[in-house]
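>>> Here is the input, now give the coordinates:
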Amino acid sequence: MSERKPSIAVNSVVVLGAGSWGTALAILLARNDVQVSLWGHDREEVARVAARRENQRYLPGVPLPDSIDVDPDLDRLVKANDQILVVVPSHAFRATISRIGDARADRDGLLVAWGTKGFDPHRGMLLSDVVTELLGTAVSRAVISGPSFANELAKALPTALTVASDDAKIANRVAAWLRNDRVRVYTNEDMPGVQLGGAIKNVMAVAAGISDGLGFGANARAALITRGLAEMNRLGIALGGRPQTFMGLTGVGDLILTCTDNQSRNRRVGIGLGQGKPLQQVLAEIGQEAEGVKTVHELYAMAKSLDVEMPITEQVYQVIYQDLSPQQAVEELFRREPKAE
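Numbering: from 1, shown residues only. Down below sits the predicted model:
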């Protein structure tokens with residue numbers, strides 16, 4: 001039997017997900033001379049992006065490099081490429097991975113990386129476990145995370161990222177897609193820890209936003225960020241993450257970014273809730289996915305099942321899913337029984 005050869009160049013990547021982060025990563029790859037195909041689920045939106053050479057909905061004012069091929073045919077792209085970067089919302093992650101599996105009966109040499117932050121809402125799993133479940137253990141896996149806003153990355157502002165994989169060679173390969181003189185990329189073998197940091201920080205950003213929306217000030221925000229890091233560390237260790245990971249870019253770095261800057265959609269969700277707006281109104285005003293809203297449901301269930309104390313997570317869950325008032329939630333946190341740090 002003859003050796004199977006890829007049908008297109010080795011230095012090519014399919015980016016699945018044409019939202020702000022997927023588009024920004026596609027732009028970065030293209031600037032790094034990687035051949036990029038960008039796919040989105042909305043064919044009409046994909047056609048507009050292709051015609052205008054700009055994602056006006058998610059990254060207005062940032063032109064797409066001419067080398068990016070915008071294509072609505074996922075099956076064709078996946079069949080023709082061994083390197084796939086998935087950047088869809090967490091609730092669409094399982095379906096997207098399933099489509100990759102349907103399109104690629106032959107998975108020899110397949111590498112699937114993702115920039116999605118969150119959990120699988122169907123079974124409360126880490127996204128790496130979804131990839132293994134649906135595509136098998138022979139597929140190479142890597143996750144991209146770190147403190148980064150899509151708009152700044154797309155505009156080539158200095159950014160630091162982390163690529164995690166249980167295979168150091170794969171982590172280095174994916175890091176090479178991203179690294180340039182404006183983007184510093186570290187590698188890490190702690191896939192559970194990196195994924196957990198990227199998911200949990202969104203919930204903490206909602207909490208910090210609620211506090212600021214209530215007008216509680218910088219002292220309260222700093223307390224929430226610090227205790228949020230403690231919650232991240234507790235659950236992360238319980239699920240196999242390494243403590244040092246949570247002190248790095250994908251832990252405290254991403255936590256600080258999303259809790260303190262209004263580019264964070266999750267922080268803006270919290271601000272809106274703190275100001276007394278209904279959740280659906282806040283989400284409509286933002287007009288994009290805010291992962292923390294869904295993630296807190298799975299995070300709360302994980303904490304309960306593992307008997308891990310996560311009081312900030314619990315209060316955010318109560319606000320979003322049990323109609324607890326934001327004022328009561330923050331006051332409840334500060335009324336908790338004192339203990340040693």
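
>>> Can you pull out the low-pLDDT segments for this structure?
By pLDDT under 70, the low-scoring segments of the chain are 1-10, 340.

>>> Domain map for it?
12-189, 196-334 (automatic domain parsing).

>>> could these go into a markdown table alongside mean neighbour count and distance to Glu341?
Placement of C-beta: from N, CA and C, glycine included. Output for those, formatted as a markdown table (neighbours: other C-beta atoms under 10 Å; distance: least, C-beta to C-beta, whole Å):
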| stretch | mean neighbour count | distance to Glu341 |
| --- | --- | --- |
| domain 12-189 | 19 | 24 |
| domain 196-334 | 20 | 8 |
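
>>> Identify the residue nearest the geometric centre of the protein.
Most central in the chain under C-alpha atoms, centre = their mean is Lys117, positioned 2.4 Å from the mean C-alpha point.

>>> Pretty sure it sits against Ala199.
Yes: between Lys117 and Ala199 a contact is recorded at 5.5 Å, counting by C-beta atoms under 8 Å.

>>> between these two, what contacts are shared?
Here Lys117 and Ala199 share the contacting residues Ser90, Glu291, scored by C-beta atoms under 8 Å, 6 or more residues apart in numbering.

>>> contacting residues for Glu231?
Ile200, Met204, Glu309, Met310, Pro311, Ile312, Thr313.

>>> For the third one, what are phi and psi?
The main-chain torsion angles of Glu309 are listed as degrees, to the nearest 10 and equal phi -80, psi 120.

>>> show me the contacts for it.
Glu231, Arg234, Ala303.

>>> distance of the nearest residue to the last one once chain neighbours are set aside from Asp212?
Leaving out its chain neighbours, the residue that sits closest to Ala303 by C-beta to C-beta, 6 or more residues apart in numbering is Met310, at 4.2 Å. When C-beta to C-beta, to the nearest Å is applied, the distance between Met310 and Asp212 equals 21 Å.

>>> Would you verify that Arg122 is located in a helix?
Quick fix: residue 122 is His, not Arg. No: His122: not assigned to a helix; according to DSSP: H, G, I helix; E, B strand; the rest coil it is coil.

>>> ok, it - contacts?
Applying C-beta under 8 Å, 6+ apart, we find His122 in contact with Arg94.

>>> where's it relative to His297, distance?
12 Å.

>>> likewise Trp21?
21 Å.

>>> Walking through the stretch 151-300 of the chain, point out its helices one by one.
168-178, 191-213, 217-238, 243-246, 254-260, 265-274, 279-286, 291-306 (DSSP state H, counting those that start in this stretch).
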